[in-house]
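> Below are the sequence and a predicted model for it; my questions follow.
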Amino acid sequence: MSVGSKSIGGYFEWEFPPAKNHGVHDGEILLNSCRHSLEYILRGLNGVTVVWIPYFTCEVVLEPLKRLNIPYRFYHINRDLEIATDIALAEKEYLVYTNYYGIKDTYVKW
């Protein structure tokens, strides 16, 4: 879809005026999406065997897993957007939990 001269789709880029300091500190990097952030984290972990992903997840989150040939499994969430079943992570297994709409801050802290 196109509105005026701008297309809508994917993600909206940051539209800030150029600045000398974007708040980046020594050793930090800027990443523009969840999938790139996930890929960066996964590249830093050695020997990931499985990543657990909630079924209620945008399919682009699977892209870095596929690109890095990391197996993944899905888990269910309940109506409160919380993990619905007990998941016993083995060594080198990781779980991605989505703080849906930013409303699960208290739950994420456990």
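Looks like it came in fine.
> Just the C-alphas of the lengthiest helix in the chain, formatted as PDB.
Criterion DSSP state H: the longest helix present in the chain is helix 34-44. Output in PDB follows, covering the C-alpha atoms of helix 34-44 (Å, rounded to 0.1, in the frame of the first residue of the first chain):
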ATOM      1  CA  CYS A  34      13.600  -8.200  16.500                       C
ATOM      2  CA  ARG A  35      14.800 -10.700  14.000                       C
ATOM      3  CA  HIS A  36      18.200  -9.000  13.600                       C
ATOM      4  CA  SER A  37      18.500  -8.700  17.400                       C
ATOM      5  CA  LEU A  38      17.700 -12.400  17.800                       C
ATOM      6  CA  GLU A  39      20.200 -13.400  15.200                       C
ATOM      7  CA  TYR A  40      22.900 -11.300  16.900                       C
ATOM      8  CA  ILE A  41      22.200 -13.000  20.200                       C
ATOM      9  CA  LEU A  42      22.100 -16.500  18.700                       C
ATOM     10  CA  ARG A  43      25.500 -15.900  16.900                       C
ATOM     11  CA  GLY A  44      27.000 -15.100  20.300                       C
END
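> That helix - contacts with which helices or strands?
On a contact count with 3 or more C-beta pairs under 8 Å, 6 or more residues apart in numbering; DSSP states H and E, helix 34-44 meets helix 62-67. Backbone N, C-alpha and C define where each C-beta goes, glycine included.
> Pull out the buried positions in the helix it packs on.
By neighbour count with 16 or more other C-beta atoms under 10 Å, helix 62-67 contains the buried residues 62, 64, 65.
> Skip the chain neighbours and tell me the closest residue to the last one.
When you say that, I think you mean residue 65. residue 72 (4.9 Å; C-beta to C-beta, 6 or more residues apart in numbering).
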